[in-house]
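Take this sequence and fold it.
(one chain, ligands or ions: 2)
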Amino acid sequence: PFTPSNHHQQQPRSTTIQSSQTLSTRKELYEKDFPLYKQPVEVGCFSLDSQRRFFSDDRQIRYYVEPDKSPNFDLRDGYKDRYVKRDENVKERLDHILRWIITNLSKLKSKGTTNSSRALDFDFVTWRGHLTKLLTTPYETREGWLLAVTRFNSTLYISEVETEAARRERENRPERNHEMMYWGYKFEQYMCADNNHSLPDPSGVVNTNEAFCTVVHTRLTDHKLLFSGEVDCRDKDPGAPPPPACYVELKTSLEICTPKQHSNFHRFKLLKWWAQSFLPGVPRVVAGFRDHGGTVISVDTFPISKISQLIKNEHNCWKPTVCMNFCSDFLSFVKRVATEDNHSVVYLFSWEPHRDVTYSVHRDSRLSFLPSWYTEAITS
Ligand code: 0WD
Ligand code: CA
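Numbering: from 1, shown residues only. Ligands and ions are numbered 1, 2, ... in the order given. Just a heads-up that it's a prediction; the model follows:
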């Protein structure tokens, strides 16, 4: 169980109530019909610049440039001298999304409904990455999660809390892993141009503060969702379909040489890739396959709509319906549990592999994540 440690004596004392209600994550329970998942609609976007400053526009969007069949990209290039890394100690929680909501309140306010006590017509506000973790939970055997939930003006806000295990892993990351994290961003630089009539510039600096994020609205069964996700690039053809259908997700992966690697790729990697892009309606993943020395040997496109076919040959493989039904049932569980509408109350949902989801309730603790600039702007 999670125990908040109060380092600072002047912090308000928090009260924790551990509950006995739980939710099972056994996959057999979720092998039902595919639930309703409405076509995600982009309602806006925002950008974070090289200094992580927020802008409610698409200034950071990049354009996909088709590479050679065997490009020989050197992903190690620039790691030592042309890499500006985002400060991972800064916990941004939902701040950028909340900032986007405040900036765009006039187009979001629920329209014309009588006795609507809520400011926003959404049941849940969160990051796409948090939903990806929920989708893959029935198949996850290694990493647990902690999700903090606050009900405020009838909308449920979900914000991840780093687990002790994840923090230890982050702080003890071997140098090799630091470099391999860079490889993914370097691949983006080889594949993306700053505008639709220029070419990628691999001689530039890789700065991971920069981001372009889409904000989408959709519905999973009876849950109205608003979430944001980082988008790598878009189709550069001005005649491409509107967002999110023009977006492209970029990935790198170790080249597949053995049947075991082939099977692991289908069973684990394609699950994560599918879940992440299916949620916001991004139609394709472009993958760079690299060798152990960080050279991209080949590039392949995976249409998200074809992935469920691709995995059907794999014995005992993951099923999209299990992912979506678990997520829907988890959100229903959250609605049942998180009943007190109070910006400073946090319901902390906790999960470890091979266990059920449990939760605890925290009042006025350091877990609260809705800033006063947000709650005040929404209420006024
Ligand atoms: O707890 C978290 N994971 C938080 C994430 C807390 C606060 C903020 N974020 C946000 C950042 O603002 C970032 O811009 O993550 C955003 C991306 O959100 P997402 O799209 O919902 O996250 P996810 O789908 O997990 O990751 C998408 C991409 C990653 O690409 P790959 O191809 O590796 O999946 O966003 C990057 C990464 O490039 N990314 C992050 N960027 C900043 N902070 C983070 C992070 N914590 N995690 C992944
Ligand atoms: Ca990516």
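
Could you report the pLDDT at the closest residue to ligand 2 within the stretch 251-380 of the chain?
Using C-beta to the ion, the closest approach of the stretch 251-380 of the chain to ligand 2 is made by Lys251 at 5.5 Å. Yep, even glycine has a C-beta here, placed from its N, CA and C like the rest. On the pLDDT scale, Lys251 is placed at 98.

And the one 10 residues further on, by the same measure?
At Gln261, the pLDDT value in this model is 97.

repeat for Ser5
At Ser5, pLDDT is 40.

Check His315 too.
His315 is given a pLDDT of 90.

can you tell me which helix or strand it belongs to?
His315 belongs to no helix or strand when assigned by DSSP states H and E.

wait, what's in contact with the residue in the chain positioned nearest to ligand 1?
When scored by C-beta to the nearest ligand atom, the chain has Gly129 as its residue closest to ligand 1, at 2.7 Å. Taking C-beta atoms under 8 Å, 6 or more residues apart in numbering, we find Gly129 in contact with 160, 229, 276.

For the spatially closest residue to Ile101 that is not a sequence neighbour, grab phi and psi.
With C-beta to C-beta, 6 or more residues apart in numbering as the criterion, Ile101 has its nearest non-adjacent residue at 6.5 Å, and that residue is Leu108. Here is the backbone geometry of Leu108 (degrees, to the nearest 10): phi -110, psi -30.

residues near Leu108, how many?
20 (other C-beta atoms under 10 Å).

What helices and strands are in contact with the lowest-mean-pLDDT helix or strand in the chain?
Ranked by mean pLDDT, DSSP states H and E, the weakest helix or strand in the chain is strand 15-18, scoring a mean of 82. Here strand 15-18 touches strand 358-363, going by 3 or more C-beta pairs under 8 Å, 6 or more residues apart in numbering; DSSP states H and E.

How much space separates Gln18 from ligand 2?
Gln18 sits 37 Å away from ligand 2, taking C-beta to the ion, to the nearest Å as the criterion.

so Glu31 sits right up against Met324, yeah?
No: at 11.3 Å, Glu31 does not count as touching Met324 under the criterion of C-beta atoms under 8 Å.

For those two, work out which one has more neighbours and name it.
Comparing Glu31 with Met324 by neighbour count (other C-beta under 10 Å), the higher total belongs to Met324, at 23 against 12.
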